Each structure stands twice: as structure tokens, then as C-alpha cells.
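Q: After the sequence you'll find the predicted model.
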2 protein chains.
Amino acid sequence: MALTVLLCERILEGPGGGVKALEQLAEGLWICCFPRDPMEELVGLREGSSGSPVTLQELWGPCPRIRQGIRGGLEWLKKQLFRVGEDWYFLMALGVLMALISYAMNFAVESVVRAHKWLYREIGDSHLLRYLSWTVYPVALISFSSGFSQSITPFSGGSGIPELKTILSGVVLDDYLDIKNFGAKVVGLSCTLATGSTIFLGKVGPFVHLSVMIAAYLGRMRMKTIGDSDNKSKQNEMLVAGAAVGVATVFAAPFSGVLFSIEVMSSHFSVWDYWRGFFAATCGAFMFRLLAIFNSEQETITTLFQTSFPVDVPFDLPEIFFFVALGAICGVLACAYLFCQRNFVIFIKTNRILSSLLATSKPLYSALAALALASITYPPSVGRFIASRLSMGELLSSLLDNNSWALMTRNSSPPWPAEPDPQNMWFEWYHPQFTVFGTLIFFFIMKFWMLILATTLPIPAGYFMPVFILGAVIGRLLGEALSVAFPEGIVAGGVTNPITPGAYALAGAAAFSGAVTHTISTALLVFELTGQIMHALPVLMAVLAANAITQSCQPSFYDGTIIIKKLPYLPRILGRSLGSHPVTVEHFMNGTITTLAKDMPLGELVKVVTSTGLAEYPLVESTESQLLVGVVQRAQLVRALQAEPPSWAPGQQQCLQDLLAGGCPVEPVTLQLSPETPLHQAHNLFEMLNLQSLFVTSRGRAVGSVSWVEVPGSPGWNVVGEPM
Amino acid sequence: MALTVLLCERILEGPGGGVKALEQLAEGLWICCFPRDPMEELVGLREGSSGSPVTLQELWGPCPRIRQGIRGGLEWLKKQLFRVGEDWYFLMALGVLMALISYAMNFAVESVVRAHKWLYREIGDSHLLRYLSWTVYPVALISFSSGFSQSITPFSGGSGIPELKTILSGVVLDDYLDIKNFGAKVVGLSCTLATGSTIFLGKVGPFVHLSVMIAAYLGRMRMKTIGDSDNKSKQNEMLVAGAAVGVATVFAAPFSGVLFSIEVMSSHFSVWDYWRGFFAATCGAFMFRLLAIFNSEQETITTLFQTSFPVDVPFDLPEIFFFVALGAICGVLACAYLFCQRNFVIFIKTNRILSSLLATSKPLYSALAALALASITYPPSVGRFIASRLSMGELLSSLLDNNSWALMTRNSSPPWPAEPDPQNMWFEWYHPQFTVFGTLIFFFIMKFWMLILATTLPIPAGYFMPVFILGAVIGRLLGEALSVAFPEGIVAGGVTNPITPGAYALAGAAAFSGAVTHTISTALLVFELTGQIMHALPVLMAVLAANAITQSCQPSFYDGTIIIKKLPYLPRILGRSLGSHPVTVEHFMNGTITTLAKDMPLGELVKVVTSTGLAEYPLVESTESQLLVGVVQRAQLVRALQAEPPSWAPGQQQCLQDLLAGGCPVEPVTLQLSPETPLHQAHNLFEMLNLQSLFVTSRGRAVGSVSWVEVPGSPGWNVVGEPM
């Protein structure tokens, strides 16, 4: 109303006079309907700023209302886009950047692999030369990878996911997301991948780490841009999105990228993060596939490992049983794998010779291990039986073939070509004496321990893809066995349908990798990779069965690594551990906290500060009452103490109160626990809010503190919450 | 070691003598390797219990070691299964039960629909009779549905998801999950569904509600079984799984069931709940499809709306642009739909005639609305142009057809059969004068307002499926237009590929339904429904575009209903609202709390308790100090007061302290806020821990409380956290 009156006054004074008054009044009212703050509008009018709805010039031009409407619309659009941009643009940049890096890395790796293949082909028939050309390449690459990455940062080896998991749960691991680490990881990972299936390592883990590093960098950039430097939760959101992008840009699979990263990384997450993850992952996956088209590798956007399983009757009902059995087998084997892997790593760490070798010359250890692995995979020797001429991608796509190899080779025996035949890559899996069963079993056994050996190499490498392929081999094995046992297919309801061994390979890959990583979203990943989702139920059931077995027997691959590396870690309190219910904070809190009382003399204060090394101290009202008032940072306390040197005379008893009045800031305690708080609630708080520590008060008195270390079960994985 | 020694002693005393000593020592060592507590083992040995590894009888039998191993294994398995069973069995029961109900409901509905079709076919050619047979059926069903469900529980109407959302965020809505409501909802929903596409309503929402009711019931049962009655978080877990099962058993889609329910229901969730949801949803979906096979409807487990889009080149790169444009169109139309729907409901509520009609005779209102809707869909009249002879499922599967109708009808005009042709259901969409474009546009316009009218009916009904079909129509329209514009397909890279309008229908359905419900998982749902996931990226991009537009302009369908129904609701604080950061609890807490001091005379206490109606009171140390000690329940206070009548004499000043000493229990305050706690943190706490209220203390003094009502922005949807 005030606006309208003001407008009327202006109009009566203005040049238009009485004729246009009514029209402009209507315009004024129309402006009132705009969803803007009237006060803002008024200020705009008085100041005659550019945002003001009526100016002299405009009133004389044609169609002032329409022009104004358009301008308003554009302003609104600009505001909308800018508001959105603030956050979403960074996510999009993250996706696009990671896709570029992923594609560039693939491109470089493929060039190196092609050169290796060419060398091996052209070097002649001498076995020695061929052997050398086969082995020197991976040995050189692996020792370079190890030496290069370790020389830059000593913690650039491994997959990086365990460390990320720790970071995302609130622990600060300095330098781990530093951009210096980025270079070491990119170069090291490229070298690792260029060794192909010889060393048999993947890309996912380090790529997630790379993506989170970029996300952290972009997050810092964003905070500098908008000047919101202390918003830690925003930064965490960016990291979560980064993890999703990492998976999505490796597999071009946005759905499972988001879900897998959530399952692996966190125990709680918000739908808001999940949406952001989807956006960034979609941008990344789209860009990644787009680059393949621009490079004329593909006609259009398709899936990475397209299958062509029969559509009408993809599987018969009784086959569900075999799928679940496959899941159970994969679960048991995953337990075995995790057990062996963990204990082998511990063995390496405790063995005196090996650990001293690893401590002094990592490249030498890497080279020796790589030499062993490469010698075994030399195609004319043992490599003949483990399809070693196929790359990781070729191995997977050959295993997903929907024809039964056992049935096809029953009467005719395919040749062993001089080069792997791109049309019939499964020829590599066939051996006249061994048959496909022999090679598949031999492949699994050999690669099982070779992979365990490879995981001990101090190089940046992912362990998801090899596990995925091992699972596919298990599935293929069962599928081939079934196709031989039921050559006509399983008869159900009068109709017979041939068995598709590829579907079992699919389910096996999902179940084994899901069991090793304790995730379910691998079930979705296989569909996104193959483009067909008809086996949703059997694959999901296999994955659930495998997870049920593995989760109750072994920690996941990542949790196991956390345990071995002794990273801080908050284990899940299992819902079924009823014994943990009566446990309260009182039982496990740190009851001996150092408090600073306001009436504490400065001399005593200095003594306390110098004798303890805490980063912050709880401030209490008085030594007697111990009423918690706030928190004082050690650094600021020291600064305040240094700034106030003259009054140190022993006569005038100055106390902390004066120091605080002199400008030493006190931070409020925003959340307090009680000694009666149940363990479950405290655990939930730490898990969900990513807290470092909380103070415990009883009737206002500071009686203790609880931090990561005190919440029960921190070091072990199978602790279910009994007070320690 | 102690165990081994003990064993040696026993063996030397035992009947086997020295010969078997070594063997049995090995056995003892083998037992040592078992991951059991050695102390437990020792106790077992001493007591000679059944779990004891060696007893006299056993030592004489054959193969004691093997038998023992087997027995141990079985014991272990039993323990494992029992431990698992405690929780997982209930989830499985939930899935199986809901699948049975879903299937039985579908079966009943189909029988009724078949009877209706038969009547309509057999009643002769008289238009009046046909019209009556067409309209009387839905009118009768809807008025019965409305009357029956409303007579049992007045809040059984609608989808139920908004109320569930409120319940899951911690608000207690009494009776809403009562089993009495269940009957009303099942019968009402069956009647609603039996009207088919005439009234154009779906099944998802109420079915989720039904599933959550069963979950709550099973949860209560489980708690009674294991005697763990006060574990509220466990109960909540069960409800979350229930929601997932509800969606999964309607669409036989476990992945999107879990994700959709998470996105719609909660703002935070734990990975643990997500796994449980997957397990229950898989059981449900599997059982649901199994029943279809047992009933000989299908040969094997397939998807509900199987498509056969081309596999090699599913879409061309430039088509991505049209997919995103389709998403934007769907987003704008979803805004329009949500706006119209909300305002129409408000109009109905505020219009005097309609609201009094709804208040007094709901069945009459329902009958009138149903009559209007049924008359319009009468096939020989307007129904001819809106494919009204197809059921909801047929509408969807016809829209997903991968041939271009516009191209197919360019030269030849298909007939309008007397009955919908199951092989060519799309004939229903064709009209010689209107062409397919005319019918599609007309369908959208008519169903748009008809659906809005139908949502006001006071019957149990879901609104997801109709929205899904509307989206498919939008997509189909664009797809058909593109196929006419580019009859040869879009040329890219020298190869032309025909356009598949069905893929656009798929994307449209996902985008429109995703925008209306503010979810992304609809993108996954369409793939699970159709069995092909090659369009993952374009569909996801369309859904993201649609969501970006709708989420920034309108509340979701469910949030809108929450606003209209004035249910308690905690709106999301948008991350970008930086203005909300300096807001602390002090600004919005309820500062006038009624505390009970320990030194309060009983007379005053009675006055306080009778004058206020709170369920619990904060207990403070003394009137002067106000140090928060705990919480006293009103009910227990009243009981304690009643139990202590003799000492009411005015002379002896008894106070609350004595009452507490007399047995009135004090509950601890487990979590306290400070006046300085930022709004963001308080909001997070309420959102994640599903709290009802928290006390605010300052230096131990109880200074206020914060509950749902006080956290800023409770009633509105677009409040971003400014203090009110």
C-alpha cells in the first residue's frame, strides 16, 4: 500500500500528468504482485537505481509495460541461474574434468598397450626375445610407477578408498587430499593400467581418490569465491559428490556410481547429497561417453560391455536356485579371498626380510613381484591357460558372451589364433586338453593368489575390476557346467529354454565384487555396464546371498585395509547386539579432562597450557562449580598470554577472567551429552554429524569428554559395542 | 594353552589310554583354533555340558572327530541362522506378505474389470444401456470405496505417503498405522483400482501405506517376541523397509522401490536401512512375480512392461538435446500440474457449497465426480479420443511401443476395432481426423484436469501411476513429432538411425513423475519396468532437467499435500541460504518453559501440574539455581501424587524431593542444546535423529526448549531458515 501511495505521488509530480496516472497506478500494482520484498522496492524507488521500476526515460518509450515485463523476466532468470550456479556449476565442472582425465588416461594407456602388443608381435619367433619383450614392459612400468609415486608422497599407493572413508567420517588426514598427491597418483595409475591384465589391477579406487582430490580443490576454490570459508559441511558434500563422480567416470554408470560410493564411503547420507551426486555423476558419465564419440570410437552413446542375452525368456524359474547358489559360492570364496589377502599383507608387514625390502627399496620389490607375475602370464607357457593375451576389458566382455562355450566346443575345436580374434575372443579360453572348464578353474586359482600378491605392490592401483573379473569367472564356470548338465535348457512349464552362461558370469561378477566390498549396488552396476536389466531379480538375490555370508564372517576389503593400516575408524554397532543397550556414555567417556576455570590465576593457567598438548580447553565458570561455559582454543590462549606480559607480577593476582575480557575469544559449546546418554545415541551422533569430540555435562558441570577414540570399538571391526 | 593342558589331563585319566593321547591332543588343538572364547570352552569342559568337545560316550563311538566337527558346524549354523532370523525373517515375512496382498488385489481387480468389460460388450447396441453399463460401475465402486473407507477411519483417503513422511520424521500420528485402517484401505483401494482408467488412479501410494502398516504390526510383534519394547529406532527401521517393499511389490522393481521410498520419505538415511530395504524389497518383488508364474500368467520372471528398443544404436547423439528439452518441458508442465492441483484442492476446501457437501456426504460427492469422469470417458463419445478403452497398464505399454505411429499411419489408416486389439493396442490412439497427435494432445489436456478432479475424491488412491502415464504421453508426443520431422532418423556420422518414439515416452514418464514427486529414482524405475537400460544417460538427464525446474518452483506433490493438510513438517534448509547461518537456537527457542524444582512444595506442584497440559516436565535442582537434572513424566508424577495423600497437612511442608525419593522416576536428559547452537546444527539433529524436542541449557540452567514447532519454517515449504 505504501508503495502504491508513493507511486501515485511520483506520478502526479511526473511529466505524464493525469492522463497516464491510472495506467501507471495499475503498473505499480502489478509490480506489487511481484514476489519481491516491498521494502527493497521502496529503497530502489527512492534511490532511483537501475532496478527501479519507473524512470523518466522509460515512461516516454513505447510499451513500457511489456519492456518492463521482459526485463523483469530476464532479471529473474539471471538471478535464478546465478543462484543455481553458485553450487551446481562446480559439480558440473567436477564431472567434466574427471571425464576428461579418465578419457585421457584411457587413451594414453591404450597407446602404450598397443605399442607393447606391436613389439611382442614384431620381435620375431625367438622365445627369449619374446619373453623379454613380454616381461620387461610391465616390470619397467611397475617399478617406475612405484618409484615415482612413492618419491612424491609415501601414501599415494593403494586404492585410497579406505583413507577416503576415514576422511568422510570426520577424521582429518592432512595432505591426503593435497593436489601434490594428484600428480603422483595420475602418473602411477597410468603406468599400472598400462601393464594390462599381466599385473591384473584396476582403476576404480585411485580414480575415486583423484576425483575427491579435485572435488576438494574445487570446494576450496568455491569457498574462496563466495567467501564462506568455515563451512565444513559444504566441503564434505563436495567430497561425497566427488566419490560418485569417480566411479561414474570409470564405468560410465551414474546410478551405480552414486550408490556404490555411498555404500562404500558412508554409513549415513542425506538425500540432498545423493541428488548432487547424481547430477555430477551424470555430467561425468555423459562427458566420458561423448569423448569416445568425438574420437570416432563409437557411433553413439552405448554401454561399455553390451550384451545380447535372449529377451523373451531370459532365464527359467528353476535357474533362480542356481543363481542363489552362485551367490552363496561367491560369498564363501570372497571370505576366503579377504582372509588370505589380509593375512598375506600382515605377513609381508611382519616378515623381516620382506618388510625391510619394502622399507628400503620399494621399486625393487615391485619389480620382482611384477617379474614373477609377468613370467607366469607369458602366453606360450602358463599364460596359454589363463587367457593372458586378453586385456582386462576383453576378459570381461568375453566372459559375458551369451553362447555356451562348452556346448560349442563339444564337437569342433576352435583354433588358437596367433592373435586374439576380436570377433571370437572366447577362443582364448579354450584349450584342447584342458577344455574351457580347465582354463576357467586354472584362471581362478592362479589369479586368486596373483591378485593377492599384486595388492601388496606399493603402487596406485584399484582392486575392484580384478575382483569383478574373478567373480565373472566363477559365474561363467557354473553357467558352463549348467549348460553341459542341461544341454537342452531347463524344462519348465513344457517349454525348454537354453541356458545363458553369460548371465551367470554377470551374476557372479556382481556377487563376488559385492561380497568383497560389502555392497549391493554392484548388482546395478552390471546392468548399467551391459544395457540389459532383465536379470534384476536373480542377480540381486545372488548379491544378497553373497553379502549375507561375507558380511557375517569378514570385514570388507576396505575395512580390512583400514584395520591393517590402523586408520581411525568408527565401526558399525550392529542392530542385533542388544547387550550394548544399557551401556551409557558414563561407561566409556574420558573422565579426566583438563578444565580451565575463569578464576584460575594466570600462573596456573600457563602451567596447565604448557603441561598439556590439547588443541582446545573447556572453560568452566569457577574451579569449584565446574559449570561449563565454553571452549577456548589453545592457540588463541597462547596468543592472549603473549600479548599480556606486563601484569605478571606476583602481587596482583590476575586470572583467566581478565584474559578473556581482554579479547581472548570463547567459543560456545553447542551440543552436550549427559553421562546417561546411551551408547547408541552417542554413536549415532558421531556417525551422522561427523563430530570430533563432545563434552559430557552433568547438571551443568563438565564431567568428561567423548571423542572418536572413546566411542567403543574403534580399533576392531567386529566389536559390537561392549564397553572395553 | 590352559585348554590343552586340561585336555591332556583328561585324556590320561580317560579310557583311551596313552595310544590315543596324541591324536586327541591334536583334536584339542584343533578346537583351540576354533574362534571361540577359551574361557567358555573351559567352563563347558568342566561342566560336561552338551557343548563340551569330549564326553565319555563320544570317545567310544566311531570317528569322534568327524562327528564332533559336524555337530560343531551344525551348532554354528544354527546359531548363525537364529541370530540372523531375529531380524531378517521379519523382513522376509513382510516382503512375502505384501507380495501376496498385492497379487491378490490385482487378481480381484482384474476379475471385476473383466466382468465390467463383459457387461459392456454383451449389453447390446442401445446407447443408453451401454452408457449406463459404462458409468454405473465406476460410480458404484467409487461411492462404495468412499463410503466404506470413510466410515471406518476418516483419514484413510488419499495416498498416505504425506502422513508416512511425517511419521518417519519423528512425529507421532496416533492410529494412523493401526491395523483397523488396513481393512478400510485394502477394500477401498481395490474398488478404486477396479474402475480402471475411467477414474484414472493408481496403486502405489496406498500400497506403501499398507506395507508400512504391516511393517509396524510385524515390528510390534517382533518386539513382543524378543522383549525389547522400548527400542524406537528399530521400529523406525522396519517402517523404512516397509515403504520400500510397498513400491517394490507394485512394480516388481526392488532397486527403484528402495530408492524411491528413500527419496520420498526421508531426508537422511543410513546404509543399514538401505540394505534391509533391499532385502525385503527383493523378497517382495520375487514373490510377486513368482505368483504370476504359479498362476500360469507367465512363463518366467520377466519385467512388467517389456520393450524391444533397438540395441545397437538406441539413440543418436543429437537426440540427447531433445531428451533434455523433453525434461525441461516435463518440468514446466509438472509445475503447472502441481500449482493447479494444490489450488484446486484449496478451492474445494474453501468453497462453501463443495466443502459442506464433502463434510456431510462424501459418497455423494465421490459419486458425482465419478459420474462426470465416467461420462467423459464413455468410448463412443469423447472417450474415442482419449483411448479410454485401455486399462492403465495397457495405456502405458501401448505408449512404450517402439514404432512410430505417425509414420505408420501416413499412408494407411488402421481400423477402430470393436474391441481393443491386444496385438495392436496403439490403434486406440489413432483417429482418422485427429491423427495420433490430436488424440495425444487431447488426452493430455483432458486427463490433466480430470486427474486433478480425481485427486480430490476422498478415497484411498495413488497418484503416481496416472502422473507416470501423463508423462509418457508428453514424451510420446515429442517422439512422434521428431519421427515426423526426421522420418529417416537423425543423421550423425554418416549413418541414419530411425527415431524410437517409445524411448521418449519412457523419458517423459520418468521426467514428469520425477518432477511431480521430486525424485530421481523414477529414471531407474522405467528401466526396471522395461528391462532395457541403454537409455540410462538421456533419461537421467531428462529427469535431472525436470527436477531442476520443478524443485526450484513448486513443492513436491507430497509436500504440497502436507502443507494443505497442515501436518507437522520440517522443511529442508537449502544449502545456499547463507543468511540462515548466524541464526542460533536462542532466536527461536521456546524460552518460557515450566520447570519443576526439587524444592518445590507439593501444593505448588499440584497447581503447576493441573494448570499445564504438558506430557513431561524438566526437573531442576532448585528454584533458584535452575540446574537441569532430568525429566519427569506427567503421568508418573500424577500417580506419585495420588499415592502420597496423607502428608497433605499444611504444617509439614513436603516438597517434590520427597516425592522423587518415594519412587517417582526421573529420566535423564541425554542431549542438550545451548542458546548458541547454530540453526543448521539444530535442524540437522532434528532431521537425523527424529527427535521430538530438546532442552536448551546455558551453564547448566534450563533456559528453554526447542521442538518441531519451534525449528524455523515448519509450516511453509519455501522458508529457507530466516528467523520468524
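A: Cool, the structure landed.

Q: Next SSE downstream of the longest helix along chain A?
A: For chain A, the longest helix by residue count, based on DSSP state H, is helix A:64-122. The helix or strand immediately downstream of helix A:64-122 is helix A:127-152, counting by DSSP states H and E.

Q: Which strands and helices lie in contact with that next one?
A: The contact analysis (3 or more Cβ pairs under 8 Å, 6 or more residues apart in numbering or on different chains; DSSP states H and E) places helix A:127-152 against helix A:64-122, helix A:179-194, helix A:362-377. To be clear about C-beta, it is placed using only N, CA and C from the backbone, and glycine gets the same treatment.

Q: Could you tell me the angle between the following helix or strand past the second one and helix A:179-194?
A: In this case it means helix A:179-194. Downstream of helix A:179-194, the first helix or strand assigned by DSSP H and E is helix A:204-226. Angle, helix A:204-226 to helix A:179-194, by axes from the mean of the first three to the mean of the last three Cα atoms, to 10 degrees: 150 degrees.

Q: Confirm residue A:502 sits in a helix?
A: Yes: looking at residue A:502 with DSSP: H, G, I helix; E, B strand; the rest coil, it is inside a helix.

Q: neighbours of it, just the number please.
A: Here the number of neighbours of residue A:502 (other Cβ atoms under 10 Å in any protein chain shown) works out to 25.

Q: what residues are up against it?
A: A:307, A:309, A:399-403, A:476, A:479 (Cβ atoms under 8 Å, 6 or more residues apart in numbering or on different chains).

Q: what about burial for the residues you listed, which qualify?
A: A:307, A:309, A:399-402, A:476, A:479 (16 or more other Cβ atoms under 10 Å in any protein chain shown).

Q: CA atoms only: put stretch A:670-678 into CSV for me.
A: Taking C-alpha atoms only, stretch A:670-678 is exported to CSV below (Å, rounded to 0.1, in the frame of the first residue of the first chain):
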residue,chain,number,x,y,z
THR,A,670,26.7,-26.2,21.0
LEU,A,671,25.9,-29.7,22.0
GLN,A,672,26.4,-31.6,25.3
LEU,A,673,26.0,-35.2,26.2
SER,A,674,25.0,-36.5,29.6
PRO,A,675,26.6,-39.4,31.5
GLU,A,676,23.3,-41.2,31.0
THR,A,677,23.2,-40.8,27.2
PRO,A,678,23.0,-44.3,25.7
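
Q: hang on, the earlier thing: make TSV out of the contacts of residue A:502 and add pLDDT and distance to residue B:695.
A: Compiled in TSV, these are given as follows (pLDDT from 0 to 100; distance: Cβ to Cβ, whole Å):
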residue	pLDDT	distance to residue B:695
A:307	87	59
A:309	87	60
A:399	94	60
A:400	93	59
A:401	91	65
A:402	86	64
A:403	88	69
A:476	96	61
A:479	95	61
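
Q: gap between residue A:360 and chain B?
A: Noted for residue A:360: a distance of 35 Å to chain B, by Cβ to the nearest Cβ, to the nearest Å.

Q: and if you look at residue A:177?
A: Residue A:177 is 21 Å from chain B, by Cβ to the nearest Cβ.

Q: Am I right that that residue sits in a strand?
A: No: Residue A:177 is assigned coil when assessed by three-state DSSP, not a strand.

Q: Nearest to chain B: which residue in chain A?
A: In chain A, the residue that lies nearest chain B is residue A:700 (1.5 Å; Cβ to the nearest Cβ).

Q: and that residue, how far is that from residue B:657?
A: 19 Å (Cβ to Cβ, to the nearest Å).

Q: Over to residue A:195?
A: Applying Cβ to Cβ to residue A:195 and residue B:657 gives a distance of 77 Å.

Q: if I read this right, residue A:609 contacts residue A:638, doesn't it?
A: Yes: Residue A:609 lies in contact with residue A:638 (Cβ atoms under 8 Å); the separation is 6.7 Å.

Q: what's the host helix or strand of residue A:466 packed up against?
A: Element membership for residue A:466, per DSSP H and E: helix A:464-485. Where contact means 3+ Cβ pairs under 8 Å, 6+ apart, helix A:464-485 is packed against helix A:204-226, helix A:319-350, helix A:392-399, helix A:405-408, helix A:435-455, helix A:501-517.

Q: chain center to that helix: distance?
A: Counting by Cα atoms, centre = their mean, to the nearest Å, helix A:464-485 is centred 27 Å from the centre of its parent chain.
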